[in-house]
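[1] Sequence isn't available, so here's the structure alone:
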DNA sequence: GTTGAAACAGGTTCCCC
DNA sequence: GGGGAACCTGTTTCAAC
């Protein structure tokens, strides 16, 4: 597929504000509205754009406590790994989960109400998943930067 | 401000798909289109909704290499901290930056082309910021889960 | 908060180059 | 592939309840 510099620009614009009209985008890209429309549809169809979402302001949400959890599994058989990943994915408190290199196997980003809720989450939900060896938690003191936009 | 269970539901819907029509939302919430419209405008005005964005599929982007970097500062004077945070925020490779508890001061989520580009990033950009003591990097082997939607 | 209608803007389609 | 005009769907505003 063709994926040129205009598409990259377009993706950057849509990543920063998806509510722009095609007319606004056509001005920025020096294209016609139709061309913008067709390029966007193409990017959606070809899976470059996953979805369009509203981003919620964490500061306005009461008691948004964010933590990162390192997790080590006891064993790494395919069974254990797949089961762990499936169960972790189902936890609404887990916003992100990465299989990573290093001392630990996984890094989780978790959001809960407060420290008490975090303790509850670790004890009741996280460590109740079998095969977890050890965990190590870090608490977010301040969110310095957070963007969903990838630069091209 | 009133922020009831309907608003929470509405935010959850908009976080999962912001392109739904007000009519679709009105069906899900058992409200009129006008009521949905007014609630959304209120949530936007009151800052609950930061913005609307397109989420790009990392798998379709050539060579999206993601790493997490722990960073320790040499000193923690207000000057150093603010300068570091400002410079890190300006790096397009840095998607997220958190001031965290624990052995390190900061946790960064970085996206670059490949391992070579990561090395380049660390040597040329990251450690050229003054006052950085030590860094420790972890590489993402697989993204198991990634959502921007907070549950209420 | 609801309904309905009217006005408008934007998305979508089609035909042209 | 891009441009222009017609069409159509959704948003926005307003009235009355």
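    Received it, and whenever you're ready, just let me know what you need. Just so it is clear, the model here is predicted, and its values are computed rather than measured.

[2] Just the buried positions in the strand of greatest length in chain A, please.
    In chain A, assigned by DSSP state E, the strand with the most residues is strand A:132-146. Neighbour-count burial for strand A:132-146 flags A:132, A:137, A:138, A:139, A:140, A:144, A:145 (criterion: 16 or more other CB atoms under 10 Å in any protein chain shown). Every residue, glycine included, has its C-beta placed from N, CA and C.

[3] who in chain A is up against DNA strand C?
    A:21, A:22, A:23, A:33, A:34, A:37, A:38, A:41 (CB under 7 Å from any atom of the strand).

[4] tell me, which of those make contact with DNA strand D?
    Among the residues of chain A next to DNA strand C, the residues that sit close to DNA strand D (CB under 7 Å from any atom of the strand) are A:33, A:34, A:38.

[5] out of the residues of chain A next to DNA strand C, who has the most neighbours?
    The most crowded member of the residues of chain A next to DNA strand C, judged by other CB atoms under 10 Å in any protein chain shown, is residue A:22 (18 neighbours).

[6] got the contact list for that one?
    By CB atoms under 8 Å, 6 or more residues apart in numbering or on different chains, residue A:22 lies in contact with A:33, A:36, A:37, A:40.

[7] closest to DNA strand D among those residues?
    Of all these, DNA strand D sits closest to residue A:33, with 6.5 Å by CB to the nearest atom of the strand.

[8] isn't that closest one right next to residue A:27, touching?
    No: Residue A:33 lies out of contact with residue A:27 (CB atoms under 8 Å); the separation is 9.6 Å.

[9] related to what we said a few turns ago, make JSON lines from the residues of chain A next to DNA strand C and add secondary structure and pLDDT to it.
    Below are these laid out as JSON lines (DSSP: H, G, I helix; E, B strand; the rest coil; pLDDT from 0 to 100):
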{"residue": "A:21", "secondary structure": "coil", "pLDDT": "97"}
{"residue": "A:22", "secondary structure": "helix", "pLDDT": "97"}
{"residue": "A:23", "secondary structure": "helix", "pLDDT": "97"}
{"residue": "A:33", "secondary structure": "helix", "pLDDT": "97"}
{"residue": "A:34", "secondary structure": "helix", "pLDDT": "97"}
{"residue": "A:37", "secondary structure": "helix", "pLDDT": "98"}
{"residue": "A:38", "secondary structure": "helix", "pLDDT": "96"}
{"residue": "A:41", "secondary structure": "helix", "pLDDT": "97"}
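
[10] Which residue is the nearest non-sequential neighbour of the residue of chain A positioned farthest from its centre?
    Using CA atoms, centre = their mean, the residue of chain A lying farthest from its centre is residue A:32. It sits 32.8 Å away. Nearest residue to residue A:32, sequence neighbours excluded (CB to CB, 6 or more residues apart in numbering or on different chains): residue A:26, at 5.9 Å.

[11] Can you give me the neighbour number for that neighbour?
    Residue A:26 - counted by other CB under 10 Å - has 17 other residues nearby.

[12] Correct me if wrong, but it is in a strand.
    No: per DSSP: H, G, I helix; E, B strand; the rest coil, residue A:26 lies outside any strand segment and is helix.

[13] gap between the closest residue to DNA strand C within chain A and residue A:36?
    Nearest residue of chain A to DNA strand C: residue A:22, at 3.5 Å (CB to the nearest atom of the strand). Applying CB to CB, to the nearest Å, the value for residue A:22 to residue A:36 is 5 Å.

[14] do residue A:89 as well
    Look at residue A:89 and residue A:36: by CB to CB, they are 35 Å apart.

[15] Residue A:129 now?
    46 Å.

[16] Nearest the middle, which residue of chain A would you pick?
    For chain A, the residue whose C-alpha lies nearest the mean C-alpha position (CA atoms, centre = their mean) is residue A:96; its distance is 5.5 Å.

[17] which element is the residue nearest to it when sequence neighbours are not counted on?
    Leaving out its chain neighbours, the residue that sits closest to residue A:96 by CB to CB, 6+ apart is residue A:109, at 4.0 Å. If you go by DSSP states H and E, residue A:109 is part of strand A:106-112.

[18] any idea of the angle that strand forms with strand B:132-146?
    Strand A:106-112 runs at 80 degrees relative to strand B:132-146, counting by axes from the mean of the first three to the mean of the last three CA atoms, to 10 degrees.

[19] C-terminal to strand A:106-112, what's the next element?
    Moving toward the C-terminus from strand A:106-112, the next helix or strand (DSSP H and E) is helix A:115-120.

[20] of residue A:89 and residue A:36, who's got more company?
    Taking other CB under 10 Å, residue A:89 and residue A:36 do not tie; residue A:36 has more neighbours (23 against 12).

[21] what about residue A:105, how many residues close to it?
    Neighbour tally, residue A:105, other CB under 10 Å: 19.
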